[in-house]
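>>> sequence and predicted model, in that order:
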Amino acid sequence: MRAVCAGKLERCSSGRTRGGSVEEVQGAPRTTLIKERIDLPEQVHRGDFVLRLTEGVTNPEATLENYVVTPQLVSCFRVALGVFTQVAALVLMAVMLGAIQKKLFVWHTGFWGDKTHGWHYDLMFFVANLVILTTGGGRLVLV
């Protein structure tokens, strides 16, 4: 910790000063803690992060406030419902390429994944979205 000790700038071990009080050095950047940026719960109990559908229907504002909607989830619903299927398929293809890249080059996972999940499912999902992208989604597309 850098502090003003006895009128001059020194490093003080364990916050003790020699004859002076510990003060912040003027112009030194203040460190921002993670707990100051996000709201972290003090305690976590079973069921705290469970979204119950029955409660979500009765109070949709609170459900939307607490539920994280990712581009991958939105794209999955768009493909399933037939709304902008080609754009949604392109987004899902990008997500799958990212998953394959992470498993292949960062985690060094094999195709079938010896003792874990491989990237065969991600490749299959990529090819399925490639079919949707190139064929236009079929006859049941809404938009």
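Okay, I see it.

>>> and for stretch 135-143, what are the contacting residues?
Residues from elsewhere that reach stretch 135-143 (Cβ atoms under 8 Å, 6 or more residues apart in numbering): 79, 81-86, 89. Backbone N, C-alpha and C define where each C-beta goes, glycine included.

>>> buried among those? Make that a ChimeraX selection.
Applied in ChimeraX, the following selects the buried portion of the contacts of stretch 135-143 according to 16 or more other Cβ atoms under 10 Å:
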select :79,84,85,86,89
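
>>> now the contacts of stretch 135-143 as TSV including secondary structure?
Shown next, in TSV, are the contacts of stretch 135-143 (DSSP: H, G, I helix; E, B strand; the rest coil):
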residue	secondary structure
Val79	helix
Leu81	helix
Gly82	coil
Val83	coil
Phe84	coil
Thr85	helix
Gln86	helix
Ala89	helix
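
>>> which one among the contacts of stretch 135-143 gets closest to Gly47?
Leu81 (30.2 Å; Cβ to Cβ).

>>> spatially nearest residue to the closest one, not counting backbone neighbours?
Excluding the flanking residues, the one nearest Leu81 by Cβ to Cβ, 6 or more residues apart in numbering is Leu142, at 6.8 Å.

>>> separation between the one you found and Phe77?
Going from Leu142 to Phe77 by Cβ to Cβ, to the nearest Å gives 12 Å.

>>> counting neighbours, what do you get for the residue nearest to Leu81?
Using other Cβ atoms under 10 Å, Leu142 is surrounded by 10 other residues.

>>> could you check the pLDDT of the most centrally placed residue in the chain?
Most central in the chain under Cα atoms, centre = their mean is Thr70, positioned 8.8 Å from the mean C-alpha point. Listed pLDDT for Thr70 reads 82.

>>> quick revisit: wait, is the residue nearest to Leu81 part of a helix?
No: read with three-state DSSP, Leu142 is coil and lies in no helix.
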